[in-house]
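# Structure for this input, please:
(chains A and B)
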Amino acid sequence: MWRFITHKTRNLITSTITKTTSPISSSSSTTTISPLTAPLRFLSTLQPDSMGSDYSSTPVTIDTINPKVLKCEYAVRGEIVTLAQKLQQDLKDNPGSHPFDEILYCNIGNPQSLAQQPITFFREVLALCDHPSILDKSETQGLFSADAIERAFQILDQIPGRATGAYSHSQGIKGLRDTIASGIEARDGFPADPNDLFLTDGASPAVHMMMQLLIRSENDGILCPIPQYPLYSASIALHGGTLVPYYLDEQTGWGLEISELEHQLKTAKSKGIDVRALVVINPGNPTGQVLGEANQRDIVEFCKREGLVLLADEVYQENVYVPDKKFHSFKKITRSMGYGEKDISLVSFQSVSKGFYGECGKRGGYMEITGFSPEVREQIYKLASVNLCSNISGQILASLVMSPPKVGDESYESFSAEKEAILSSLARRAKTLEDALNSLEGVTCNRAEGAMYLFPCINFPDKAIKAAEAAKTAPDAFYAKHLLNATGIVVVPGSGFRQVPGTWHFRCTILPQEEKIPAIVSRLTEFHKKFMDEFRG
Amino acid sequence: MMPIHHTACLPRGANMTKNAHGNKQENHVTLPHLLNSIVLPFLELLYSRTRVVKVKEVLLFKMSSKPLNYENLNENVKKCQYAVRGELYLRASELQKEGKKIIFTNVGNPHALGQKPLTFPRQVIALCQAPFLLDDPNVGLLFPADAIARAKHYLSLNSGGLGAYSDSRGIPGVRKEIADFIKRRDGYLSDPELIFLTDGASKGIMQILHTIIRGPKDGVLVPVPQYPLYSATISLYGGSLVPYYLEETADWGLDINDLRQSIGQARQNGITVRAMVIINPGNPTGQCLSEANLRQIIQFCNEENLVLLGDEVYQQNIYQDEHPFISARKVLFDMGPPISKELQLVSFHTVSKGYWGECGQRGGYFEMTNIPPKSVEEIYKVASISLSPNVPAQIFLGLLANPPKPGDISYEQFSRESKGILESLRRRAHIMTDGFNSCRNVVCNFTEGAMYSFPQIKLPPGAIDAAKELGKAPDVFYCLKLLEATGISTVPGSGFGQKEGVFHLRTTILPAEEDMPAIMASFKKFNDEFMQQYE
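Below is the predicted model:
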């Protein structure tokens, strides 16, 4: 199997690189059905056939928009989700019109949309910061915990003029960055500098900013894991660069092999690609693996040796579910190896959207950049300043996430109980779903050591593959659509994340409420059995 | 420009290698190491030492050329300029750290200068942040019933409330409220499906420009003076800015003949002009476009096949009654078919301006008119990569579109607060314009709208020479002196673009009304002394 994969991989790299470096030409590449370019249409409900001709002479038509925009793909909210929304509307307008009574969204890491409750302490502080005029009122003490009131006062004192409605420093409010830096220090045991922090509207704009900075043309390459979170492929396409894939090894629990990195780097170089950075997602998305310390050290050495910027997506740092694995930040690893500021360029991304807090709607996040010259930092600052600043609520929340209540604080116990309940429930859900998937015919699923996803591999019978072909869709998309129509369960086809050609997967979050998991398992099991019965040769 | 950069970088590159090399273990043989110990000494035997040193510098520089070294950055990033937070702002921040009192008038950031947020929206947001309060029997002690009802309403619109990603285009229920607001404002139906919410209007503007600009041959017509977001974004995405000048002597009016000239010239240079930006009310210039002028612009865009981008973020900030705000969309629909069905228009709005001034929320939206569905689909796709705009700001947008109505408990307070802010801004606009016009060598058009005053400073040759000696633009020189002498932090006109040899500065009209006379007096004192010194 391993040999098969490496062989396939090699073929694929060649085709990927030729594909991605070919002169950007209209929409032909997006409509080709190929496992690499997830051929998912957006908003298929818009019925593209009925339009176009009236607009042919207008300045913004599909043929005259920026080709980089056309080229980028983002499957997490693609065709399947559009179909799910349609089914949901059907159910509302016409109850009983489908064989299920609700849509179960397992497509996106959006925990609070699936009834996960926010952390009370964080929300108390945010509410008080949003409406500071009640801070001095005696009634407030009856409604809010004392340490939340105290923390709100502290935070407001860090904001110039206590103005939560004002643009802040483009890197984020200095006092909040101080708090975050202390949090990083406490996590890693190595110092962190608030001037290295850029607070952003979620982690995604930070990733875009780095791609914007690094990519000069299609000859610039970024090494990305495959399977990957499609933010990376989309952002690279949008900024006109080349994605240089490296394959995670499914057989070894989505292991990241240095030999694979070296091999892919060499291949890319031989094609004239100037590889500038390595993206590592730890814990992995969609793959859920947590990197070991020794592996991380090898990755650091590799980047240092090859002069690559290490872009470390660490947004799932609090989501680790197995006792034998622990999250270590790349910052901590590099510093513990004795590498300092001038030895390696490292960017670490963190977000308020994940972890046990799951505050996706707040769009809070930050990046910590180390190992960049002052001139480069100035350029990053300038990029940040064009958008003025990130939203203040998100900034405050980022500081709370990195500095939660401590032992002895009034809210500590309730905070810890909420956190523990969420994380342990996620761990149970991950295990239940993983076991269920592994019991299905032709399905293998690595354990979700961390993050919020399972990424099972499905071995489709030939008949299913042929049926998918006839329906002009990838087999995994074909399966996902059938699953949705039969059960209301929404998953993302593996082709949206890319995968070794000839292998098929889907991504399923572990986020539905725990009491709904048994129903999901039984619906999925029943569906899968029927699907296999129908298509088994 | 480039060669200077390059040579300037050489020694730095070489230095870095030495540092990196110094940190290496002795037994670790690296390429620079090999070069230093074997190759170069050998070459020195063959060639002159100076030549070898030069070769070595170049080789070492190339090897040490790390991906994020300055010289290896995306050129478009380096080219982009954003003056609002440039040299003046940094110097002001330094002075502030040293303990000097700084009056920040560089950014339209009202709350930073003491404007209080409107109470009702903040009550609603606080309740949405802490939904558990809604079940507390004592919630009524702190929050009025209509704020409680409204919080419940918004929480019901997004499953998961403030903590969940919304639809990438924004919460459908909020987009509906905005469509209703637009209909009330313009008298024409608006489709919520064509309204996209964004993290501030800037994000939306950047997204639309990214969609339009394909390469350096694509041009966008931008007013000069302009808000530098446009120049910065156009360079960032590698397009060409095609300037058209606003006429200062005609109250910053927009002359269609000038437009034709600008577009003609750009075409001669091989530029495909694809879009035109109007900022109405003007930033930094403060003028409100008349209906007749807007008609001409729309006609022009239609003839020239341009997308019209209407930056209308200051639509609530109007300080006179002769030129009320009128949206480009209303004028377009008033003109009727065929043009009302043809002209492509994108209009932008925000919660950062108006009497809201909620800059820190990063809330904005754009509305698309006559954009083909396939293009809308692509814009949606790009929006979806960022998952969703922040949800608290979306609720602010809902509240902006649907404020308390007569009869609501909070109506009286809301309208008192909002009127108070606008009336005070109107008075401040007058104090400032009059103040500038009373100064020697300063002329200033009245701020009809927006939040800025943009006086022209007639700098004497002596001042221009003094600036040159320091290697600074004359208006930067003047603004720095002003900052050092008075603590007033402004933005030099060159950051917005101005006609050759003419100098301006931009201040906001946002300092507290009671501070205004003192600020203008201190400005006048500085200016008149400055003029005396250099005349």
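# Provide a list of residue ranges in the stretch 51-200 of chain A with pLDDT below threshold.
A:51-54, A:74-77 (pLDDT under 70).
# backbone phi and psi for the nearest residue to A:Gly292 once chain neighbours are set aside, please?
Nearest non-adjacent residue to A:Gly292, counting by C-beta to C-beta, 6 or more residues apart in numbering or on different chains: A:Lys325, 7.6 Å away. Any C-beta I mention is one placed from the backbone N, CA and C, and that applies to glycine too. With angles defined as degrees, to the nearest 10, A:Lys325 shows backbone torsions of phi -130, psi 150.
# Tally up the residues packed near A:Lys325, please.
16 (other C-beta atoms under 10 Å in any protein chain shown).
# Kindly report the same for the one 4 residues further on.
By other C-beta under 10 Å, 22 other residues sit near A:Ser329.
# what do you get for A:Pro160?
With other C-beta under 10 Å as criterion, A:Pro160 counts 16.
# Spatially, what comes nearest to it if we skip its sequence neighbours?
The nearest residue in space to A:Pro160 (C-beta to C-beta, 6+ apart) is B:Ala112, at 6.6 Å.
# Break down chain B into its strands, ranges please.
For chain B, the strands defined by DSSP state E cover B:103-104, B:195-198, B:218-224, B:240-245, B:272-279, B:307-311, B:345-350, B:364-369, B:442-443, B:452-453, B:456-457, B:488-489, B:491-492, B:505-508.
# May I see those strands organised as JSON lines, with distance to chain A, mean pLDDT and mean neighbour count added?
Listed next are these as JSON lines, based on distance: least, C-beta to the nearest C-beta, whole Å; pLDDT from 0 to 100; neighbours: other C-beta atoms under 10 Å in any protein chain shown:
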{"stretch": "strand B:103-104", "distance to chain A": "9", "mean pLDDT": "88", "mean neighbour count": "23"}
{"stretch": "strand B:195-198", "distance to chain A": "10", "mean pLDDT": "98", "mean neighbour count": "27"}
{"stretch": "strand B:218-224", "distance to chain A": "9", "mean pLDDT": "95", "mean neighbour count": "24"}
{"stretch": "strand B:240-245", "distance to chain A": "14", "mean pLDDT": "94", "mean neighbour count": "20"}
{"stretch": "strand B:272-279", "distance to chain A": "5", "mean pLDDT": "96", "mean neighbour count": "23"}
{"stretch": "strand B:307-311", "distance to chain A": "5", "mean pLDDT": "97", "mean neighbour count": "26"}
{"stretch": "strand B:345-350", "distance to chain A": "9", "mean pLDDT": "98", "mean neighbour count": "26"}
{"stretch": "strand B:364-369", "distance to chain A": "9", "mean pLDDT": "98", "mean neighbour count": "24"}
{"stretch": "strand B:442-443", "distance to chain A": "28", "mean pLDDT": "96", "mean neighbour count": "17"}
{"stretch": "strand B:452-453", "distance to chain A": "15", "mean pLDDT": "95", "mean neighbour count": "27"}
{"stretch": "strand B:456-457", "distance to chain A": "25", "mean pLDDT": "97", "mean neighbour count": "23"}
{"stretch": "strand B:488-489", "distance to chain A": "13", "mean pLDDT": "94", "mean neighbour count": "22"}
{"stretch": "strand B:491-492", "distance to chain A": "13", "mean pLDDT": "92", "mean neighbour count": "28"}
{"stretch": "strand B:505-508", "distance to chain A": "12", "mean pLDDT": "95", "mean neighbour count": "27"}
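# Fine, thanks again, bye for now.
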